[in-house]
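Student: quick one: sequence plus predicted model below, questions after.
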Amino acid sequence: MKKHLGLIFIIALGLILRLIFIDKPDGLWNDEYVSWYISQKPFLNGFWQGIISQCHMPFYYIYLKIYTVFFGNSDIVLRVSSVIPGIIAIPIMYKVGNENDAQTGYFCATITAISAFLIYYSQEVRFYSLLFLFSAINLLYTLRIVKDSSKTNCIIYSLSNFLILITHTIGFVYVFFNLLFVSLSLSKKYKNIIITLWIIAGSILSLILPLIIKIFTTKSFSQWWGHFSISKLGFLLTDWFSPVITNLTNAPDKFIYLPKIAPFMIIPTTIAIFCIIYGIKSKNNLALFIISLSVIAVNILAAVNGRLVFLTKYSIEIYPILIFLACFGLAYIKDKFSKYTLALLYCVISLGFIFLCPYSAPKMHRAEGHKIPMEMIKRANIQRGDYIILHYYPKDRFEKYFDFSDYKVIPMDKGNFYKYISENNSYENVFENGKAEYKNIFAENNNKTLSYTLNNEISLQKGMSVILIILDSVSFYSPKEIQYRIQDETLYNKTPFLFLVFSYLKKETFEYLVKSLDVTQIERKGMWTLVKFTKLNN
């Protein structure tokens, strides 16, 4: 027991950091809500269709489905589903480091425990905490299999690859480069084992290939909002090795976007980079580093070609490798004073920011949480039969927090917005040609299609109201800004299509309603705005 007191303390610290502020009053935001929503669907009635529509593999949703059967569906309970793998990953990373020596193991466990990035995703109802655990196990058995290709090591190594493949849609990129490294390491002595490993990987991939193809060919606006910039490479490292998390959904183009927090970003990240460089002196470590660079390079190519947004979480499979390399390098420093000074400085900056900064990882609000607008509706004193217009998300994205049965709901969401903007159109056509075809429409005032559609959908008597719910984070362009972007061809082409769509819809919906109704309430909170329109006169 005494032998493991240090590790127990590190695990306890990691647990505390993952449980503080886990009760997010804003509720689940869209990605989290989708996780829960899909997991509640019956296997044969909506479950698989939901997975395909969201471009993700099925394992996490199965995990969450089983978890909720035993523990329930409250928001806190759902978030704890990510705390569990987040905590298990700490002793696994200790074992990863211990493949070198105990000191490296303690360093690996400590960085894993206090990582702001991992703390954040241990409080998020998404698969990234679980994926990090699988990647840590995979790294552990990658290190073990190149030393000892025993049957047990081969089986667990193959299983961890399988779990990565069925958890993350682009996990095959990491699995390929990792398997290539193992093959090269064992090529001289264990050709039969290499062939077996590739056969296993190929068999797994062939089984899930139809699902991968279906996911990648499904027409969806799910990756429409961001573009690649060099600054995101910097954020990749600061997200992982500093307490400041930036590239969660989209990041600014400027790296030093807030000078007062720059030291908290740069100092611990510089320490980590120095240690990584120090740690890649051995042949195997250099090969692991090349795996990481290869995965990043593929993600960059995909982002540049518009296939995905370059977000830190999409490369999480390589995070255990980088932690291991940094800790290996730190342990390799012979001068004890320098070694422990760097380790202490890293921990003090990280923990100081986490505990003292109001927007550190565990304290981050979910500004797009779907509970926010539903609480605003409850405060709006609406009556039975009143109308609720929802911009961007459909009604089923809010039903966990609100019962719509007494009201008439009009969703203008990202799946049907075209019906309110132009005649004779379809989702497929808008997906392919919307940016070009809507340019002239965005220049119009008093959209006739929207006016005609809302005239047919809304019928009010005196005293009745219409509640308009707007998601500000996708509709922030003013009418003047929209016109400015239309007139500049280069700027227009760079502007995400749905930002233009919902900024335009916000303007047109408001102008339509204000013609015959009075604005009786406006409330803003987080990334949401509620506007209440009431018919005061006949």
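Tutor: That came through fine.
Student: tell me the SS of P411?
Tutor: strand (DSSP: H, G, I helix; E, B strand; the rest coil).
Student: how near is it to F510?
Tutor: Separation of P411 from F510 (Cβ to Cβ, to the nearest Å): 17 Å. All C-beta spots, glycine's among them, are computed from the backbone N, C-alpha and C.
Student: how many neighbours does T341 have?
Tutor: A total of 13 residues lie near T341 under the criterion other Cβ atoms under 10 Å.
Student: kindly report the same for F274.
Tutor: The number of residues near F274, taken as other Cβ under 10 Å, comes to 15.
Student: per-residue pLDDT of it, please?
Tutor: On pLDDT, F274 comes in at 96.
Student: if we can go back for a sec, neighbour count: P411 and F510, which is higher?
Tutor: P411 (20 against 15).
Student: gap between the more buried one and R397?
Tutor: Counting by Cβ to Cβ, the gap from P411 to R397 is 9 Å.
Student: ok, for K65, nearest residue in space, not its chain neighbours?
Tutor: Spatially, and ignoring its direct neighbours in sequence, K65 is nearest to S39 (4.3 Å; Cβ to Cβ, 6 or more residues apart in numbering).
Student: do you have the helices of the stretch 51-200 of the chain handy? List them.
Tutor: Using DSSP state H, counting those that start in this stretch, the helices of the stretch 51-200 of the chain run over 59-71, 75-98, 102-114, 116-121, 128-145, 151-165, 171-186, 191-217.
Student: go through these and name the closest to I486.
Tutor: helix 191-217 (31.4 Å; Cβ to Cβ).
Student: which helix or which strand is home to L530?
Tutor: Here L530, judged by DSSP states H and E, is contained in strand 528-534.
Student: using CSV, write down the CA coordinates of that strand.
Tutor: What follows is strand 528-534, C-alpha atoms only, in CSV (Å, rounded to 0.1, in the frame of the first residue of the first chain):
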residue,chain,number,x,y,z
TRP,A,528,-29.0,32.4,-26.7
THR,A,529,-31.5,35.3,-27.2
LEU,A,530,-35.3,35.1,-26.6
VAL,A,531,-37.6,37.7,-28.1
LYS,A,532,-41.3,37.6,-27.2
PHE,A,533,-43.7,39.1,-29.6
THR,A,534,-47.4,39.7,-28.5
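Student: is it correct that I119 is in contact with M364?
Tutor: No. In terms of Cβ atoms under 8 Å, I119 does not count as a neighbour of M364; the distance is 9.6 Å.
Student: which one of these two is surrounded by more residues?
Tutor: I119 (28 against 18).
Student: and the more buried one, how far is that from A89?
Tutor: From I119 to A89 the distance is 12 Å (Cβ to Cβ).
Student: what touches both of the two?
Tutor: Common neighbours of I119 and A89, using Cβ atoms under 8 Å, 6 or more residues apart in numbering, do not exist here.
Student: which stretches in the chain count as strands?
Tutor: Counting by DSSP state E, the chain has strands at residues 387-392, 408-413, 465-471, 518-525, 528-534.
Student: dump those to a markdown table, plus distance to D23.
Tutor: Formatted as a markdown table, those follow (distance: least, Cβ to Cβ, whole Å):
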| stretch | distance to D23 |
| --- | --- |
| strand 387-392 | 26 |
| strand 408-413 | 28 |
| strand 465-471 | 23 |
| strand 518-525 | 17 |
| strand 528-534 | 20 |
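Student: which parts of stretch 499-519 are buried?
Tutor: Buried residues in stretch 499-519, defined by neighbour count with 16 or more other Cβ atoms under 10 Å: 499-509, 512-513, 517.
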